[in-house]
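Asker: pasting the sequence and the predicted coordinates here, then a few questions.
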Amino acid sequence: MLEKLLLAVWLLLPAYTPNNFAVVTGGGKPIDLGKNFFDQKRIFGDGKTFRGFFGGIVGGILVANIQYSIEKVFNFQIYSLLDYFDFFILTLLLAFGAMLGDLLGSFIKRRFGYRRGEMLPVFDQLTFLFVSLAIASTFSPFWYLFDLEIISIGILITPIAHISANVIAYKLRLKDVPW
């Protein structure tokens, strides 16, 4: 079981890390350009910026490349079983999906009247993962790396990992709230 848990974390790192990089690289012009949706509420809010979105994707890809290198050096083959182009596409989709899921979560929370920084338990922790997995499974033929057990473990551990990362970011004064 521990081996499957570690495998799940390893495979999901390109989806887990983009939001952390978005916090570090964020700021600047909001993706919604300060505009409201037809319900007169902000589309995403000031916390979703172009720098954070693209910085998150680049960060997820960076982490994935470090993983790929580690696998090559230590002859530990998960991602490195794929040729580099296929690996890059899969991990790009995971990172992009995570950031798109984060945007979707913000969009939905704004529709329900949640302000920036307000917590919506479970929803905040899993939307990015579901969208990331959906995007990767739809557009990558290498989806077979993520079996039902890996996905189930991911769903179970993601809320704990997400909350832990947010508490750390809060303590480092990178976030205004610890969730």
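Answerer: The structure has been received and is ready for your questions.
Asker: what's the helix ranked longest in the chain packed up against?
Answerer: Determined from DSSP state H, the single longest helix within the chain is helix 84-111. Packed against helix 84-111 by the contact rule (3 or more CB pairs under 8 Å, 6 or more residues apart in numbering; DSSP states H and E) you find helix 2-16, helix 18-25, helix 50-74, helix 123-139. (Glycine included, C-beta is placed from N, CA and C.)
Asker: also compute the angle for the third one relative to helix 2-16, please.
Answerer: Same thing as helix 50-74. 140 degrees (axes from the mean of the first three to the mean of the last three CA atoms, to 10 degrees).
Asker: could you report the pLDDT at residue 148?
Answerer: Reported pLDDT at residue 148 in the predicted model: 92.
Asker: what do you get for residue 176?
Answerer: Value listed for residue 176 in the pLDDT field: 80.
Asker: which of the three states applies to it?
Answerer: Counting by DSSP: H, G, I helix; E, B strand; the rest coil, the backbone at residue 176 sits in coil.
Asker: not counting sequence-adjacent ones, nearest residue to it?
Answerer: residue 117 (5.8 Å; CB to CB, 6 or more residues apart in numbering).
Asker: tell me, how many neighbours does residue 167 end up with?
Answerer: Here the count is done by other CB atoms under 10 Å, and residue 167 has 14 residues near it.
Asker: please determine how far it is located from residue 175.
Answerer: 9 Å (CB to CB, to the nearest Å).
Asker: not counting stretch 39-53 itself, show me its contacts.
Answerer: With contact meaning CB atoms under 8 Å, 6 or more residues apart in numbering, stretch 39-53 is reached by 22-23, 25-32, 34-37, 99, 102-103, 106-107, 110-111, 113, 115-117.
Asker: give the contact list for the most centrally placed residue in the chain.
Answerer: Compute the mean C-alpha point of the chain, and by CA atoms, centre = their mean the closest residue is residue 98, 3.3 Å away. The contact partners of residue 98, taken as CB under 8 Å, 6+ apart, are 14, 15, 16, 18, 19, 56, 60, 128, 129, 131, 132.
Asker: is it true that the second one touches residue 92?
Answerer: Going back to what we said before, that points to residue 15. No. Contact status for residue 15 versus residue 92: not in contact, 11.1 Å apart, counting by CB atoms under 8 Å.
Asker: more neighbours: these two, which one.
Answerer: residue 15 (29 against 20).
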